[in-house]
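J.: Provided below are the primary sequence and the corresponding predicted coordinates.
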Amino acid sequence: MSLNSLQKQTNKNIQEKANLIWEIATHLVGLFKPHEYGKVILPMTVLKRFDDALKPTKDAVVNQAKKLDEQGVTSQVRDGILTSISGYSFYNSSKFDFEKLLSEPDDIEINFEDYLQGFSDNIKDIIENFEFAKTVDTMAKGNVLYVVIQEFCSEKGEMSPKTTTSMDMGYIFEELIRKFSESYNEEAGAHFTSRDVIYLMTELLVSPEREKIAENGCSKTAYDMAMGTSQMLGCLTERLRVINEDADLTSFGQEFNPETYAIAKADMLIKGGNASGMKYGDTLSNDKFSGYEFDYIISNPPFGIDWKREKDAVENEYKKEGFEGRFGPGLPAISDGQMLFMLNGVKKLKHGSGRMAIIQNGSSLFTGDAGSGSSNIRQYVISEDLVETIIQLPTDLFYNTGISTYIWLLTKGKEEHRKGKVQLIDASKCFKKRRKNIGNKRVDLDDNCISLIVKAYEEFDNEEYTDGDLHIESKVFDNDYFGYTKVTVLTPILGEDGKPVLKKGKPQPDKEKGTDTEIIPFGEDIDEYFKKNVTPYNEFAYMDRKKDKVGYEIPFTRLFYKFVPPVPSEDIFAEIKELEAEETTLMKELFGNA
């Protein structure tokens with residue numbers, strides 16, 4: 001199955017389903033503000049999904065629960081028996097379901113509460129993270145609880161796993177969250193990444209093992225440190241099973257937004273996946289996976305977001321001895337925490353084989369002077385030979401931003417031919433324009449785009465690739481190429497004889513002339529560089545080598561820059577004359593010879 005065929009499932013049928021569900025919000029007008037509609041629609045969609053999934057075994061669960069309660073069995077035994085009957089890792093032991101709630105309209109609020117309390121504890125956790133109790137109270141007092149349940153019992157609210165796959169349900173959740181975000185004037189991209197980007201990331205992650213997985217299957221673990229609704233993990237699972245239906249992936253993730261966390265956990269429960277591996281909390285300050293290692297890490301953490309809230313916890317972990325903590329290599333500027341997420345992922349990569357695909361913006365490539373936290377982080381991941389490839393994506397690819405973004409591929413198991421090297425791929429001109437924009441998303445990565453990028457990645461060469469209008473360029477560099485030494489340059493005080501004033505045999509700096517610095521790339525002899533580039537212009541200048549600082553930066557744009565000569569002046573003049581002639585003709589047509 002092609003990636004494009006998978007992506008096409010997001011189209012008309014999924015959007016229509018989400019639109020129909022969202023139409024239920026018309027009953028909330030006046031009682032809720034538009035930006036509050038999602039607080040009703042999202043949890044009710046999750047509950048109806050559970051309700052439809054449990055329907056075939058509902059009566060058997062209710063009857064068995066009654067017997068177990070009469071026998072006074074422990075809650076642990078009770079949970080085990082009821083989940084085995086329900087066929088899922090959750091159940092509902094209330095006599096009510098969505099349809100039966102409609103039979104007693106006068107008691108809808110108390111009966112709905114009985115229904116909610118009938119769920120197993122893992123579902124109650126989801127309901128609590130939606131902060132649903134207050135919403136239900138408002139709906140009941142406004143006399144819309146009954147009609148909303150009634151609408152979800154209509155054809156538009158049908159969400160049985162037999163008719164709506166987990167993949168489709170994930171798309172529906174995405175559409176609903178996007179609508180919720182738009183009504184709240186909030187960026188949808190804060191919650192999820194478009195599927196085309198995720199499919200590219202999954203292809204790059206599994207590329208070195210694709211043939212092995214196709215032949216033998218696999219049993220892997222995956223982690224997303226900013227999982228949103230867990231769709232990245234879902235797409236990775238999906239991709240592995242396209243390669244080999246026996247591939248097994250156990251997923252783990254952490255999310256700080258309670259509503260998207262609730263959806264992620266709900267989705268995993270329906271799939272029969274590792275719902276206990278979905279954790280709520282702030283990844284930077286409250287790591288739920290300390291000590292874990294994973295085969296794959298796939299993530300699009302927030303960028304351009306400060307880490308002031310997590311400052312104390314992050315700094316305490318940074319101070320741990322010998323890089324024991326996640327942030328030992330360095331701390332980026334407080335205004336942007338995206339590189340902290342990168343370090344978190346590096347810490348959790350399985351030794352010898354772990355692979356990570358993570359989205360970053362351009363600041364991770366170059367922000368921060370030599371000796372700064374950001375530069376030190378780059379130095380660590382490059383000098384430790386963790387960085388495999390960095391890919392510049394097209395602009396206007398994400399829902400919430402039009403800026404340049406990059407996929408970093410990092411690994412603790414580089415293939416032999418890649419060791420000591422970093423591959424940069426400029427895929428900024430590899431895209432397909434959308435017919436209709438979604439927020440800032442104006443372009444897509446179709447099958448051809450993804451195939452061309454993966455081809456460039458796999459061939460690992462200094463090469464350009466073209467397919468019709470698509471164009472990609474790949475360049476390979478030694479790790480040391482990105483390192484440099486920042487040297488402090490001083491001018492000495494000159495005596496009356498025009499020579500430097502010495503004290504204990506050393507020249508004394510002229511404070512009035514201040515200091516200068518030189519950026520000297522690794523691989524160049526510092527003394528030779530100084531003689532060639534500094535002393536011809538400042539005969540007595542000298543270096544204070546005690547102030548040397550090592551820096552790392554990846555000047556991506558400069559490395560792929562191609563000079564385009566300016567238009568010749570005669571051509572510009574000819575164009576101006578042509579425009580003047582057109583203007584004269586137009587004026588005559590409008591006004592005649594007046």
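T.: The structure has been received and is ready for your questions.

J.: tell me if Met201 really is in a helix.
T.: Yes. With DSSP: H, G, I helix; E, B strand; the rest coil as the criterion, Met201 is part of a helix.

J.: pretty sure it contacts Tyr296?
T.: No. Applying CB atoms under 8 Å as the test, Met201 and Tyr296 come out as separate, 9.8 Å apart. For glycine as for every other residue, the C-beta is placed from the backbone atoms N, C-alpha and C.

J.: spell out the secondary structure type for Arg435.
T.: strand.

J.: what stretches of the stretch 301-450 of the chain score poorly on pLDDT?
T.: In the predicted model of the stretch 301-450 of the chain, no residue satisfies pLDDT under 70.

J.: tell me where it has strands.
T.: 355-361, 387-392, 405-411, 421-429, 432-438, 441-444 (DSSP state E, counting those that start in this stretch).

J.: who does the second one pair up with?
T.: Strand 387-392 pairs in its sheet with strand 405-411 (antiparallel), strand 421-429 (parallel), by DSSP bridges.

J.: possible to save the ones you listed as TSV with mean neighbour count and distance to Glu209?
T.: TSV is the format used below for the strands paired with strand 387-392 (neighbours: other CB atoms under 10 Å; distance: least, CB to CB, whole Å):
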stretch	mean neighbour count	distance to Glu209
strand 405-411	22	11
strand 421-429	21	18
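
J.: got TSV for those, with distance to Gly228 too?
T.: Formatted as TSV, the strands paired with strand 387-392 follow (distance: least, CB to CB, whole Å):
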stretch	distance to Gly228
strand 405-411	16
strand 421-429	24
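
J.: report the separation between Phe32 and Glu539.
T.: 77 Å (CB to CB, to the nearest Å).

J.: the more surrounded of the two?
T.: Neighbour count, other CB atoms under 10 Å: between Phe32 and Glu539, Phe32 has more, with 20 against 11.

J.: is the more buried one bridged to anything, and to what?
T.: Here Phe32, judged by DSSP bridges, has bridge partners Val29.

J.: tell me how far it lies from Glu113.
T.: Counting by CB to CB, the gap from Phe32 to Glu113 is 20 Å.

J.: also Ile526?
T.: 74 Å.

J.: contact partners for the nearest residue to Asp282 once chain neighbours are set aside?
T.: Closest residue to Asp282 apart from its sequence neighbours, by CB to CB, 6 or more residues apart in numbering: Phe256 at 5.0 Å. Phe256 makes contacts with 226, 280-283, as judged by CB atoms under 8 Å, 6 or more residues apart in numbering.

J.: hang on, Ser474 packs against Glu463?
T.: Yes. Assessed by CB under 8 Å, Ser474 is found in contact with Glu463 at 5.4 Å.

J.: which neighbours do those two have in common?
T.: Contacts common to Ser474 and Glu463, judged by CB under 8 Å, 6+ apart, are Ala456.

J.: the strands of the stretch 301-450 of the chain: which one's closest to Gly157?
T.: strand 432-438 (24.6 Å; CB to CB).

J.: quick one: strands adjacent to the closest one?
T.: Strand 432-438 has these strand partners (DSSP bridges): strand 441-444 (antiparallel).

J.: what's the partner strand in contact with?
T.: In contact with strand 441-444 (CB under 8 Å, 6+ apart) are residues 194, 196, 394-399, 402, 431-434.

J.: please repeat the previous calculation with a cut-off of 10 Å.
T.: Residues outside strand 441-444 that contact it (CB atoms under 10 Å, 6 or more residues apart in numbering): 4, 7, 188-189, 194-197, 393-402, 430-438, 449.

J.: buried residues in the longest strand along the chain?
T.: Criterion DSSP state E: the longest strand present in the chain is strand 542-552. In terms of neighbour count (16 or more other CB atoms under 10 Å), strand 542-552 has its buried residues at 542-543, 551-552.

J.: what sits against Val314?
T.: 284-285, 307-308, 325-327, 331, 334, 337, 340, 343.

J.: and the furthest pair within those?
T.: Lys308 and Gly325 (18.9 Å).

J.: for those two, indicate the residue with more neighbours.
T.: Ranked by neighbour count (other CB under 10 Å), Lys308 and Gly325 place Gly325 first, with 19 against 11.

J.: number of residues surrounding Gln254?
T.: Quick note: Gln254 (other CB under 10 Å) scores 24 neighbours.
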